[in-house]
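**Q** Next come a sequence and a model predicted from it.
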Amino acid sequence: MEFIVEKIGMSRTVGVPSIPVTLLKVVPAKVCEMKENGKALVAYPKGKKINKPIEGMQKKYGLSKEFNRFVELKVANNEPGDIDLTPLKDAKKVKLTFKSKGRGFQGVVKRHGFAGGPGSHGSRFHRAPGSIGNCEFPGRVMPGKKMPGHYGNENVTVNAEVVEFDPDMGVLVIKGSVPGANGSLGKVRIVK
C-alpha cells in the first residue's frame, strides 16, 4: 500500500532513551478509479496550479478544485472514494521516497567529500579537485569523474521504522530522519 505524505518536521520521544523521530502527515487523497494493473488513480491537493486537462479530470471524477494532482498508487480500496488508512495502523516498516534538499552548484569537497589540501603555508591547493585527466592516452576526462556540479534535488528512497500512527490526526511517526525539506511531499510504501 502507498500513501502521499507531507513532512512536518523532526521531534523526539519522551522517555529513556529518547528517540529522534520525523513527523509525516498523510495527505487527504481520493481514489478516482481502479486500474487493471492493480493500482488506482488517486487525486491529492498540491499547490494552486490548474490547467485545462486537470479541470477535465476534476469534472470527470466530480472532484473539488483543491484536488489538482493525479498519480497511480497501490491502495487498500476496492472502489472510488476517500483513501483507506487502516493498513498504516499495523505497519512496522516502510519505504519513504522524497526529493532531497537542492544545494545548487557545489564543489568536490561538499559534493563528494574530497579532503582538499592544507589551508595555509602557501600551498595554493585548498578545495580544488586536483588532477582530473591522464597523459596522451586516452587524452580526455573519463565519464563519471567526480567533479563540481549540481548537488541534491533528486529522489531518495530510504527504509524506515514506524514508531506510531495517529489515525485521528493522520500523523505517521518515523524513527530517525527523512530526506527533504519540511513541507515537501513524498511517498510512503508499506513493507511486509
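**A** Nice, thanks for sending it over.
**Q** longest helix anywhere in the chain?
**A** helix 52-61 (DSSP state H).
**Q** mind listing what's buried in that helix?
**A** 54, 57, 58, 61 (16 or more other CB atoms under 10 Å). Every C-beta, even on glycine, is put in place using the N, C-alpha and C of the backbone.
**Q** Look at the third one and report its pLDDT.
**A** On the pLDDT scale, residue 58 is placed at 94.
**Q** following the least confident helix or strand in the chain by mean pLDDT, which helix or strand comes up?
**A** In the chain, no helix or strand scores lower on mean pLDDT, DSSP states H and E than strand 81-82, which sits at a mean of 91. Where DSSP states H and E defines the elements, the next helix or strand beyond strand 81-82 is strand 93-99.
**Q** now that next one: mean pLDDT?
**A** 97.
**Q** ok, it: who's next to it in the sheet?
**A** strand 155-166 (antiparallel), strand 185-191 (antiparallel) (DSSP bridges).
**Q** Check which residues of the shortest one are buried.
**A** The neighbour-count criterion (16+ other CB under 10 Å) identifies 185, 186, 187, 188, 189, 190 as the buried residues of strand 185-191.
**Q** Show residues contacting that strand.
**A** Outside of strand 185-191, the residues within contact range by CB atoms under 8 Å, 6 or more residues apart in numbering are 1-7, 24, 26-27, 46, 73-74, 87-88, 91, 93-99, 159, 172, 178, 180.
**Q** go with 6 Å
**A** 1-3, 5-6, 87, 91, 93-98 (CB atoms under 6 Å, 6 or more residues apart in numbering).
**Q** Could you do stretch 79-97 as well?
**A** Under CB under 6 Å, 6+ apart, the answer for stretch 79-97 is 1, 29, 31-32, 75-77, 155, 157-162, 165, 178, 186-191.
**Q** Quick check: buried residues in that stretch?
**A** 83, 85, 88, 91, 94, 96, 97.
**Q** Repeat that for stretch 103-123.
**A** 107, 108, 111.
**Q** What pairs with the least confident helix or strand of the chain, parallel or antiparallel?
**A** Assessed with DSSP bridges, strand 81-82 is paired to strand 30-34 (antiparallel).
**Q** any idea of the angle the strand it pairs with forms with helix 52-61?
**A** 80 degrees (axes from the mean of the first three to the mean of the last three CA atoms, to 10 degrees).
**Q** Mind listing what's buried along strand 30-34?
**A** Per 16+ other CB under 10 Å, strand 30-34 contains these buried residues: 30, 31, 32.
**Q** Across the sheet, point out what pairs with the first one.
**A** So the one you mean is residue 30. With DSSP bridges as the rule, residue 30 is bridged to residue 43, residue 82.
**Q** ok, now how distant is it from residue 155?
**A** 24 Å (CB to CB, to the nearest Å).
**Q** How is the protein partitioned into domains?
**A** 2-102+156-191, 103-151 (automatic domain parsing).
**Q** now the first one: how far from the chain's centre is it?
**A** Relative to the mean C-alpha coordinate of its chain, domain 2-102+156-191 is positioned 10 Å out (CA atoms, centre = their mean, to the nearest Å).
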